[in-house]
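J.: Provided below are the primary sequence and the corresponding predicted coordinates.
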Amino acid sequence: MIPLVAEGLPLVPMAIAGALVLLVALGIVFYNQLVALDVRTDNAWSDIDVQLKRRHDLIPNVVEAVRGSMAYEKGTLEAVVRARAEAMNARGPQAAAAAENGLTGALKSLFALAESYPELKANEQFHHLQTQLAGLEDSIQAARRYFNATVRELNTTVRMFPWNLLTGWGGFKAREFFDIGDAAERAVPSVKLG
């Protein structure tokens, strides 16, 4: 026969106390994992923000390099400046993505027009700025991929059991992805032969 009392304490309350200690320990572990994911996601967004700021800081130099050579393209230059201002004021991944897509479109128009100006194509400073912008675009894409991976991991964890029991209590919530909003950029290019 198994004794129901061990050293003066009943086994049932000890088992309940042990289960409560285990639940609290698991709750702490799960909460700390959510905190780590949340901080990693914040850090990933900060990396994107740094790259976007570098891009925004470079654009006035591009506009100045182009201004003298493209005197007749004032509307295009104004569109780039306006798109830059909108991108700098955007808050949150979705708003930033939309504004950055607008800025990218304005820059593409500017560079397409620059092809029509031989003196601008020969300008070493303009070529250097184009190269810097292309490098920044690659850095932004890498930062975007990392951010979206951390958001995916956080969003999945926030919705999974048992973490979802702690999300509301801890103030954790799903985040927005930093997506390409331009359908033209998402489309597969068509190739016509012959």
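T.: Perfect, I can see it now. Remember, it's a predicted structure, so these values are computed and weren't measured experimentally. Residues are numbered from 1 along each chain as shown.
J.: what about residue 12, neighbour count?
T.: Residue 12: 9 surrounding residues under other C-beta atoms under 10 Å. The C-beta positions use only the backbone N, C-alpha and C, and glycine is treated the same way.
J.: go on, residue 156?
T.: 12.
J.: Next one: it from residue 35, what distance?
T.: Residue 156 sits 16 Å away from residue 35, going by C-beta to C-beta, to the nearest Å.
J.: residue ranges for the strands of this structure, please.
T.: 5-6, 9-10 (DSSP state E).
J.: give the contact list for residue 51.
T.: Residue 51 makes contact with 136, 139, 140, 143, according to C-beta atoms under 8 Å, 6 or more residues apart in numbering.
J.: which residues of this structure fall in helices?
T.: Along the chain, the segments classed as helices by DSSP state H run 11-67, 74-89, 93-114, 118-121, 124-159, 164-170, 183-186.
J.: Would you mark the buried spots in the fourth one?
T.: Going back to what we said before, that points to helix 118-121. Neighbour-count burial for helix 118-121, with 16 or more other C-beta atoms under 10 Å as criterion, is recorded at residue 120.
J.: that older thread, I'd like to know which of the helices of the chain lies nearest to residue 177.
T.: Closest to residue 177 of the helices of the chain, according to C-beta to C-beta: helix 124-159, at 5.1 Å.
J.: how big is the angle separating that closest one from helix 11-67?
T.: 160 degrees (axes from the mean of the first three to the mean of the last three C-alpha atoms, to 10 degrees).
J.: which other helices and strands contact helix 124-159?
T.: helix 11-67, helix 93-114 (3 or more C-beta pairs under 8 Å, 6 or more residues apart in numbering; DSSP states H and E).
J.: swap the cut-off to 6 Å and go again
T.: On a contact count with 3 or more C-beta pairs under 6 Å, 6 or more residues apart in numbering; DSSP states H and E, helix 124-159 meets helix 11-67.
J.: which regions of the protein lie under the pLDDT threshold?
T.: Residue ranges of the chain with pLDDT under 70: 1-9, 71-72, 180-194.
J.: can you do 80?
T.: Residues of the chain that meet the criterion pLDDT under 80 lie in 1-12, 67-74, 117-123, 162-170, 180-194.
J.: Centre of the chain to stretch 113-120, how far?
T.: Mean-position distance between stretch 113-120 and its chain equals 33 Å (C-alpha atoms, centre = their mean, to the nearest Å).
J.: How about residues contacting that stretch?
T.: With contact meaning C-beta atoms under 6 Å, 6 or more residues apart in numbering, stretch 113-120 is reached by 69, 73, 76, 126.
J.: If we use 8 Å, what do you get?
T.: With contact meaning C-beta under 8 Å, 6+ apart, stretch 113-120 is reached by 65, 66, 69, 70, 73, 76, 121, 126.
J.: Could you identify which of the residues you listed has the most neighbours?
T.: So for the contacts of stretch 113-120 (other C-beta under 10 Å), the most neighbours sit at residue 66, 23 neighbours.
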